Each structure stands twice: as C-alpha cells, then as structure tokens.
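Novice: pasting the sequence and the predicted coordinates here, then a few questions.
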Amino acid sequence: MTASDGYKSSDTNDSGDKRFKISEGNSRNFTFTVSIPTGIDSGVLGIQLNGFKWDTASAEDMDNLYTIDIEDFRSDVVTGLTIH
C-alpha cells in the first residue's frame, strides 16, 4: 500500500505494517497493490478489504476499525487461473 503523495516522516513503512498520518482537515489517496505468486494451477483468486484501523490520538494504538460500506472494496473473483 502506498500513498499518492509518498511516505512522510510521520508514516510507518515497514513490511506488513503500513500506517499513514492524515492531519485533521486534510486527505490522502492510497493505492493497494496485490502480487500473485507464480506456480498456481487452476486457482480461485480475489481480493477483499475487511476494514481500516484508525485513531485520532496515536498511530501506535489504532483503537478504531472502520468497516461501514467496506463490501464495495473487493475485486472480481478470477477462477481457472494458471500463472507460470
């Protein structure tokens, strides 16, 4: 996951741990990139986001989970896919 304006010093950009600070009154756009490994025969693949964790006080705690209308953030399911 990346932000369209890159990473800022207040963001966390570790493998498996991406956190982005969005200051009050501002917005940021994000891109999710999915890599599918090779060697899958007749796979059934799809991507679905289940929620976004957020907090207003600390990027360490992330006590809130946004899930409203999240069902719209899913890909089509691809079946019978072979990747070499």
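Specialist: Yep, that arrived. All of these numbers come straight from a predicted model, not from anything done at the bench. Numbers count the residues shown, from 1 in each chain.

Novice: from now on I want contacts and neighbour counts done on CA atoms only, so please keep to that.
Specialist: Will do.

Novice: shaky segments in the protein?
Specialist: Across the chain, residues meeting the criterion (pLDDT under 70) sit at 40-43, 73-74, 77-84.

Novice: pop the domain breakdown of it in here.
Specialist: Using automatic domain parsing, the domain ranges for the chain come out as 1-33, 37-84.

Novice: got JSON lines for those, with mean neighbour count too?
Specialist: Below are the domains of the chain laid out as JSON lines (neighbours: other CA atoms under 10 Å):
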{"stretch": "domain 1-33", "mean neighbour count": "11"}
{"stretch": "domain 37-84", "mean neighbour count": "12"}
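
Novice: distance from stretch 3-18 to the middle of the chain?
Specialist: Offset of stretch 3-18 from its chain centre (CA atoms, centre = their mean, to the nearest Å): 12 Å.

Novice: for that stretch, how far is the first residue from the last?
Specialist: Start-to-end span of stretch 3-18 (CA to CA, to the nearest Å) is 10 Å.

Novice: check stretch 18-25 too.
Specialist: Stretch 18-25: ends 21 Å apart by CA to CA.

Novice: now stretch 18-30
Specialist: First-to-last residue span, stretch 18-30, CA to CA: 11 Å.

Novice: can you show me the strands along the protein?
Specialist: Assigned by DSSP state E, the strands in the chain fall at 2-3, 12-14, 17-19, 30-31, 40-45, 52-54, 64-66, 78-83.

Novice: so what are the sheet partners of the third one and their directions?
Specialist: Strand 17-19 has the following sheet partners, assigned by DSSP bridges: strand 12-14 (antiparallel).

Novice: identify all contacting residues around the partner strand.
Specialist: 7, 18-20 (CA atoms under 8 Å, 6 or more residues apart in numbering).
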